[in-house]
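> With the sequence up front, the predicted model follows.
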Amino acid sequence: MLIHSASQLITLTPNPQRGKKLGELGLIKNGAVLIQAEKIIAVDSTPELLARYPHEPGLDAANCVVMPGFIDAHTHLVWAGNRAAEFEMRLKGKSYLEILATGGGILSTVSATRRASLLDLKAQTRQRSHEIFRHGTTTAEAKSGYGLELKSELQQLQTLLELDQEGPLEIHPTFLAAHAIPLEFTTNPQDYTNLICQTMLPTLKTWWSEHAPHQKLPFVDVFCEQGAFTLLQTRQILTAAKVLGFPLKVHVDEFENLGGTSLAIELGAVSVDHLVKTSPDDISMLGKSSTVAVSLPCTPFGLAESAYSPARAILDADGILAVASDLNPGTAWCGDMQFVLALACRYLRLTPAQAIAAGTINAAAAIQCSDWLGSIHAGKQADLLILDIPEYQQLGYRFGTNLVKTVIKRGRIYPVQSPELKESSQ
């Protein structure tokens, strides 16, 4: 299939973009892409590819922008229930940590998720996965973390594995049993930390080899934060996970700087996420490391906070900056990466070009898949968007409306108007 007549074809670079190089779009005017099966075969101008492949079936982009599918590198996609009442509490003056201390916050969703059956979890999560796919997310990282007990945590991973097989959204799972201290361990949180290290992680590795033998191990993540896991507990969990071969991620510096960023870099974490209270020393370390800094602007927006990630400082330090949604029931029930880009332009002070790169090729690096996702180059997976706009600057400029006209995932066409996200017959 030859996708042709794109007003602007955004190819990006094949590898992540560091520091001030962020925003190199690799634009091809009147661009075209040749796809065979699930892979990109050739990328060039429309006249060039039409001349070389005159008999290929075509898909006319009709003078619209064509770009890689968004990669959402941080979501809590699977949960049950909602926390609308908690939203009202925050509007009345309660802080997030105050709500958490009274059994609300994460613990409220934990209760609902523990009660949910696998069928219920799949139904609720499927609806969210289809919604973010319609808005252009073709690949998403997705965390467990709303069970805080082994049975429920594994059920969430099972949900994600089955929905990944079902498609069309591609899902990369993360094990986040260290999301909060469950109520039954509040008198001795260290016992829960020991349980994760001594029982949950070894059992997870065995379970994964049985349920997903052909997939890489999931990420292991920890919420290193006041009221969640201390720096020492975070080190214990991450070290245990690393010994077992799990790749690492860490929630850090959302409300307090406990030293999680420097710890994550020391242990070779793939990414550190949130990064609101990150210190200049930590930012300098990020610039010298391969750990991806993942900013989640929907979260401070959802909490009506004024502080966002110091994105410009991270770029000045030569860091690898990505953006993601943090889709979750408590602080950011929004998986629309177009809105993430709009926030990134306004509050992280990124240009539209920088925001696009941060939500595609750099986001791919944050989930270890930039070798085959995140840009439009021969040999990469054919995950593309056709946007109903003539120039890329409208991403970030516009918000509150879906600019995606067509999603192409693994070479299959999905018109977003399709209520069941069925593949086009074209």
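Done, it's in.

> surely residue 12 meets residue 66?
No - under the criterion of C-beta atoms under 8 Å, residue 12 is not in contact with residue 66, lying 11.8 Å apart. No exception for glycine: its C-beta is placed from N, CA and C like everyone else's.

> Quick check: neighbours shared by these two?
residue 376 (C-beta atoms under 8 Å, 6 or more residues apart in numbering).

> residue ranges with poor pLDDT in this structure?
Applying pLDDT under 70 to the chain picks out residues 103, 417-426.

> now with 90?
The chain contains residues with pLDDT under 90 at 84-108, 227, 415-426.

> Show me the residue sitting in the middle of it in space.
Nearest residue to the geometric centre of the chain (C-alpha atoms, centre = their mean): residue 73, 2.0 Å.

> I'd like the distance between that one and residue 137.
According to C-beta to C-beta, to the nearest Å, residue 73 and residue 137 sit 10 Å apart.

> right, and the helix or strand after the strand or helix carrying residue 236?
Using DSSP states H and E, residue 236 falls within helix 231-243. Counting by DSSP H and E, the next helix or strand C-terminal to helix 231-243 is strand 248-252.

> Run through who's touching that next one.
Contact with strand 248-252 is made by 174, 219-225, 228, 234, 238, 241-242, 258, 260-261, 263-264, 267-275, 278, as judged by C-beta under 8 Å, 6+ apart.

> Buried ones among those residues?
Neighbour-count burial (16 or more other C-beta atoms under 10 Å) is assigned, among the contacts of strand 248-252, to 174, 219-225, 228, 234, 238, 241, 258, 260-261, 263-264, 267, 269-275, 278.

> neighbour count winner among residue 12 and residue 66?
Legend: neighbour count by other C-beta atoms under 10 Å for residue 12 and residue 66, higher for residue 66 (28 against 25).

> circling back to that earlier point, next step: the contacts of strand 248-252 restricted to strands.
Among those, the ones falling in strands (DSSP state E) are 174, 219, 220, 221, 222, 223, 271, 272, 273, 274.

> where's the third one relative to residue 257, distance?
In this structure, residue 220 lies at 22 Å from residue 257, with C-beta to C-beta as the measure.

> Over to the last one?
As for residue 274, its distance to residue 257 is 11 Å (criterion: C-beta to C-beta).

> which residues does the closest residue to residue 414 other than its chain neighbours bridge with?
Leaving aside its chain neighbours, residue 414 sits nearest to residue 407 (4.5 Å; criterion: C-beta to C-beta, 6 or more residues apart in numbering). Per DSSP bridges, the residues bridged to residue 407 are residue 385, residue 414.

> can you tell me how far residue 407 sits from residue 384?
Residue 407 sits at a distance of 8 Å from residue 384 (criterion: C-beta to C-beta).

> Which residues are in contact with each of the two?
Residues touching both residue 407 and residue 384 (C-beta under 8 Å, 6+ apart) are residue 69.

> where do the strands sit along the stretch 101-250 of the chain?
Counting by DSSP state E, counting those that start in this stretch, the segments of the stretch 101-250 of the chain that form strands are 137-143, 170-178, 219-223, 248-252.

> any chance of those strands in a markdown table, plus distance to residue 285?
Formatted as a markdown table, the strands of the stretch 101-250 of the chain follow (distance: least, C-beta to C-beta, whole Å):
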| stretch | distance to residue 285 |
| --- | --- |
| strand 137-143 | 23 |
| strand 170-178 | 22 |
| strand 219-223 | 18 |
| strand 248-252 | 12 |
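
> could the ones in strands among the contacts of strand 248-252 go into JSON lines alongside distance to residue 119?
Below are these laid out as JSON lines (distance: C-beta to C-beta, whole Å):
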{"residue": "174", "distance to residue 119": "23"}
{"residue": "219", "distance to residue 119": "26"}
{"residue": "220", "distance to residue 119": "27"}
{"residue": "221", "distance to residue 119": "26"}
{"residue": "222", "distance to residue 119": "30"}
{"residue": "223", "distance to residue 119": "28"}
{"residue": "271", "distance to residue 119": "32"}
{"residue": "272", "distance to residue 119": "35"}
{"residue": "273", "distance to residue 119": "30"}
{"residue": "274", "distance to residue 119": "32"}
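
> Show me which of those residues is closest to residue 54.
Residue 54 lies nearest to residue 271 out of the ones in strands among the contacts of strand 248-252, by C-beta to C-beta, at 44.3 Å.

> mind giving me the domain split of the protein?
2-69+374-415, 70-365 (automatic domain parsing).

> Pick the most deeply packed of the ones you listed.
Of all the domains of the chain, domain 70-365 carries the top mean neighbour count, a mean of 21, counting by mean count of other C-beta atoms under 10 Å.

> got the end-to-end distance for that one?
For domain 70-365, the separation between the terminal residues is 13 Å (C-alpha to C-alpha, to the nearest Å).

> what do you get for stretch 143-153?
Using C-alpha to C-alpha, the end-to-end distance of stretch 143-153 comes out at 9 Å.

> same deal with stretch 48-63?
Stretch 48-63: ends 16 Å apart by C-alpha to C-alpha.

> Tell me the gap between that stretch and the middle of its chain.
33 Å (C-alpha atoms, centre = their mean, to the nearest Å).

> these two touch, right, the residue nearest to residue 414 and residue 132?
No - in this structure, residue 407 is not within contact of residue 132 by C-beta under 8 Å, at 10.6 Å.

> Okay, helices next: where are they in the stretch 101-250 of the chain?
106-115, 118-134, 150-166, 189-195, 201-211, 231-243 (DSSP state H, counting those that start in this stretch).

> closest one to residue 19 among those?
helix 231-243 (26.1 Å).

> Measure how the closest one sits relative to helix 201-211, angle-wise.
40 degrees (axes from the mean of the first three to the mean of the last three C-alpha atoms, to 10 degrees).
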